[in-house]
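K.L.:
okay, here's the prediction I keep looking at, along with the sequence it came from:
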Amino acid sequence: MPRILITSALPYINGIKHLGTLAGSMLPADVYARFQRSRGNETLYICATDEHGTPTELAAAEAGVAPSDFCAEMHKVQYDLGRKFGLSWDHFGRSSSPQNHRLTQRFAQTLWEAGFIEERVTQQVYSLADKRFLPDRYVIGTCPHCGYTAARGDQCENCTRVLDPADLIAPRSAISGSTEIEIRDSKHLFLRQSLFAPKLREWIEGKKGEWPLLVTSIALKWLDEGLQDRGITRDLAWGVPVNAMDWGANPEGKLPDLAGLADKVFYVWFDAPIEYIAATWEWADAVAAEAGLEPQDVNWERWWRLPEASDVTYVEFMGKDNVPFHTVGFPCTLIGVNERRDGEGRWSVVNNSPWKLVDQLKGFNWLDYYGGRFSTSQGRGVFMDTALELLPPDYWRWWITANVPESQDSSFVWEQFQAQINADLADVLGNFVNRILKFTETRFDGAVPADGLDGPLEQKLAKDVAAKLAELTEHMEAREFRKSTTALRQLWVLGNQYLTEAAPWTALKTDPARAAVAVRTGLNLVALFAKVSEPFIPFTAEIIAQAVGESFPGRWPQPDAALDILPPGRPVKAPEVLFRKIEDDQVAEWIARFGGAEPVPQPA
RNA sequence: GGCUGGGUAGCUCAGCUGGUUAGAGCGGUGGAUUCAUAACCCACAGGUCGGCGGUUCAAGUCCGCCCCCAGCUACCA
């Protein structure tokens, strides 16, 4: 049986995520994970918080707490919110975990000893007032090209020109505003990505047509522009320490400069992808602890290391901003650990249990808010915590999945959200479940009727359902989420069409057996909908399953037996209204609260 | 500036290697129905496929130029 390993891009620890983050990785990954489990495939869905880097240190300082405490608290917040949205992580780890420290350091050591990491001295801006090195964008000043006075050290937002902090006129710290800044030398480790360029190109070229165009295009863009070596350490206090005292000599016989690397931590983008692996290790430790076993009794490497993992399909989900790090940076790390390169550029596998590279990479564009970006500072857009105060998670899950930015940026618009939720969930699905169950209660004593035999109408329905179910299954296998939601909605529509045609309320007067067939068929449709809707709207799917006495979560149905689920005589019961409609005055209120098409008027 | 992606009905989007009258949902209009959350079901409305030029028997689909939107441009993550 195939195994499916799923990771979604790690949400950054710095604050509560908005709907775009949910759309860009976590929710599609969850829908896919639920589908795969429902298909009976052994599935592991891994996610974690991405905790290191300058923004974390600054946010913790602002909150007046240590970064470790800040992260521990925010991890819990993000975990709870994810669970409330029904995200079915097998494990939601932390990139600051001991497991990730160990793996990151071990990988770095291997890369050093293989000659894939080298030391370089770089010039970095240091702020005396802040007592820290400043990343380029944390230095602001006047743009030498356009005179904009709040240009960042990496790029001027006004004229869009790419800058170097040294270009800025009157540079100052973006943190404190202090002009007491200077350029200092700092020793750093660089991952020699340039050595990997030909190998990566061959790998990416082979994924053309298989991965989304967006993904291969971004990856090839980086290769076409010439892959540069990348600094993988930073001058920060919070992170995975380089800790190179046990490292051996590199191929040139050189040992690392322990003094020069003493206060360095790894760059967040070096350790964050490794956390996918480390979080799997965390998962195994947690499973072992729960079962009263020793940690080594749960084998987590079978998900990651060949040949044991040869039956694993590894699927990554992420927004387009993450694509370079997953198609270039992380693969360099893994290939560098797995293989060696000789002087002629020939590669050979040295590790007898190499780490697995990604098989399927699903990348997404941006979800905007009325055509603009979500903005924390301006209070523009909807965030995960407030979303759940307004409406149940399934409303959000459905809309986001149906509008996920697969081929281009898409927009969240309240009016459209309202229209789609009301039509799809309340009118089509919710009303269908309600109408057939209510009818069963009033006319068939609330039990699946046994009388009658299928006629042409039922045969046609079975054929249509089988075709649509096959289509849905195919789209889900291909991770085509918009098309999947379309197929699912069409499946729901088949239910309403059938019921209208079969009209048991009419048949009841002349041919009770015919009415019984229609009701039984309708109830089986309800059971079917519970099963196929579960990946998308799990909370409601469970209520629907219970209404017809089915266990939950159920197995993904086979097309030829999709309508043969419920035994005659099974008691059924109409649930409370599944989806309450979103009213116009609610929408008006939310637009006023969160912003809409019109710019939010500034108080005078 | 360079590069990447996108520009298809009022709105949100499908349209693979070029091939009969360009599709879906929403919104709109009309009809049917009464089991149901004033729900469902049926039908209709119609867009010079961003612009111009080219290749071809045939172009939304290929080529060239131009316009517009978004992103990236390596120390934000």
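P.N.:
Structure received. Computed from a predicted model, the values in this text were never measured in an experiment.
K.L.:
and the helices in the stretch 251-400 of chain A?
P.N.:
Along the stretch 251-400 of chain A, counting by DSSP state H, counting those that start in this stretch, helices occupy A:268-291, A:323-324, A:330-338, A:384-390, A:393-402.
K.L.:
which residues sit against the shortest one?
P.N.:
In other words, helix A:323-324. Applying C-beta atoms under 8 Å, 6 or more residues apart in numbering, the contact partners of helix A:323-324 are A:214-215, A:218-219, A:222, A:361, A:363. Glycine gets a C-beta too; all of them are placed from N, C-alpha and C.
K.L.:
re earlier: list just the one of the helices of the stretch 251-400 of chain A that sits closest to RNA strand B.
P.N.:
helix A:268-291 (4.3 Å; C-beta to the nearest atom of the strand).
K.L.:
so what's A:Ala604 scoring on pLDDT?
P.N.:
A:Ala604 is assigned 24 on the pLDDT scale.
K.L.:
should've said A:Thr376
P.N.:
Confidence score, pLDDT, at A:Thr376: 68.
K.L.:
contacting residues for the residue of chain A found nearest RNA strand B?
P.N.:
Per C-beta to the nearest atom of the strand, A:Gly430 is where chain A lies closest to RNA strand B, at 1.9 Å. A:Gly430 makes contact with A:577-579, according to C-beta under 8 Å, 6+ apart.
K.L.:
switch to 10 Å and redo it
P.N.:
If you count contacts by C-beta atoms under 10 Å, 6 or more residues apart in numbering, A:Gly430 has them with A:422, A:424, A:492, A:540, A:544, A:575, A:577-581.
K.L.:
grab the nearest non-local neighbour of A:Leu391.
P.N.:
In this structure, A:Leu391 finds its nearest non-sequential neighbour in A:Ile582, 7.3 Å apart by C-beta to C-beta, 6 or more residues apart in numbering.
K.L.:
against A:Ile421, how distant is that neighbour?
P.N.:
6 Å (C-beta to C-beta, to the nearest Å).
K.L.:
need the overlap of contacts for the two.
P.N.:
Shared contacts of A:Ile582 and A:Ile421, defined by C-beta under 10 Å, 6+ apart, comprise A:391, A:395.
K.L.:
model confidence for the residue of chain A most remote from its centre, exactly?
P.N.:
Most distant residue from the mean C-alpha position of chain A: A:Thr510, 54.2 Å away (C-alpha atoms, centre = their mean). Per-residue pLDDT puts A:Thr510 at 92.
K.L.:
where do the helices of the stretch 451-600 of chain A begin and end?
P.N.:
Ranges of helices in the stretch 451-600 of chain A, per DSSP H, counting those that start in this stretch, are A:456-477, A:481-502, A:504-510, A:512-533, A:538-547, A:584-594.
K.L.:
anything in the shortest one near RNA strand B?
P.N.:
I take that to be helix A:504-510. Yes: using C-beta under 7 Å from any atom of the strand, we find that helix A:504-510 touches RNA strand B at A:505-506.
K.L.:
same question for the last one.
P.N.:
No: for helix A:584-594, no contact with RNA strand B is found by C-beta under 7 Å from any atom of the strand; the gap never falls below 11.3 Å.
K.L.:
so which residues make contact with that helix?
P.N.:
A:369-370, A:374, A:379-383, A:386-387, A:390-391, A:412-415, A:417-419, A:582-583, A:596-598, A:600.
K.L.:
for A:Gly86, give me its contacts.
P.N.:
A:Gly86 is in contact with A:27, A:30-31, A:34, A:393-394, A:396-397, A:534-539, A:541-542, counting by C-beta under 10 Å, 6+ apart.
K.L.:
A:Phe529 now?
P.N.:
Counting by C-beta under 10 Å, 6+ apart, A:Phe529 has contacts A:429, A:432-433, A:488, A:491-492, A:494-495, A:537, A:540-541, A:544-545, A:548.
K.L.:
now pLDDT too, for those, in a markdown table please.
P.N.:
Listed next are those as a markdown table, based on pLDDT from 0 to 100:
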| residue | pLDDT |
| --- | --- |
| A:Leu429 | 97 |
| A:Phe432 | 97 |
| A:Val433 | 97 |
| A:Leu488 | 95 |
| A:Leu491 | 95 |
| A:Trp492 | 96 |
| A:Leu494 | 95 |
| A:Gly495 | 96 |
| A:Ile537 | 97 |
| A:Thr540 | 97 |
| A:Ala541 | 97 |
| A:Ile544 | 98 |
| A:Ala545 | 98 |
| A:Val548 | 97 |
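K.L.:
and the strands in the stretch 151-300 of chain A, which stretches?
P.N.:
A:151-152, A:169-173, A:181-191, A:230-231, A:233-234, A:265-266 (DSSP state E, counting those that start in this stretch).
K.L.:
walk me through which strands the fourth one pairs with, and which way each runs.
P.N.:
Pointing back at strand A:230-231 there. Strand pairing for strand A:230-231, using DSSP bridges, gives strand A:181-191 (antiparallel).
K.L.:
the residue of chain A closest to RNA strand B in helix, strand or coil?
P.N.:
helix (DSSP: H, G, I helix; E, B strand; the rest coil).
K.L.:
what's the spacing between it and A:Leu388?
P.N.:
Following C-beta to C-beta, the distance that separates A:Gly430 from A:Leu388 is 20 Å.
K.L.:
pretty sure A:Ser68 contacts A:Ser96?
P.N.:
Yes: assessed by C-beta atoms under 10 Å, A:Ser68 is found in contact with A:Ser96 at 7.2 Å.
K.L.:
near RNA strand B, list only the ones from the contacts of helix A:323-324.
P.N.:
The subset of the contacts of helix A:323-324 within reach of RNA strand B, by C-beta under 7 Å from any atom of the strand, is A:214, A:218, A:222.
K.L.:
neighbours of the first one, how many?
P.N.:
When neighbours are counted by other C-beta atoms under 10 Å, A:Leu214 registers 19.
K.L.:
bridged to the closest residue to it other than its chain neighbours, which residues?
P.N.:
Spatial nearest neighbour of A:Leu214, excluding adjacent residues (C-beta to C-beta, 6+ apart): A:Gly363 at 5.1 Å. Beta-bridge pairing for A:Gly363 (DSSP bridges): A:Met318.
K.L.:
quick check: A:Gly363 touching A:Val404?
P.N.:
No: with contact defined as C-beta under 10 Å, A:Gly363 does not count as touching A:Val404 (11.4 Å).
K.L.:
I'd like the helices of the stretch 251-400 of chain A as TSV, with mean pLDDT, distance to RNA strand B and mean neighbour count appended.
P.N.:
Formatted as TSV, those follow (pLDDT from 0 to 100; distance: least, C-beta to the nearest atom of the strand, whole Å; neighbours: other C-beta atoms under 10 Å):
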stretch	mean pLDDT	distance to RNA strand B	mean neighbour count
helix A:268-291	97	4	22
helix A:323-324	95	7	20
helix A:330-338	97	10	22
helix A:384-390	94	16	16
helix A:393-402	95	8	23
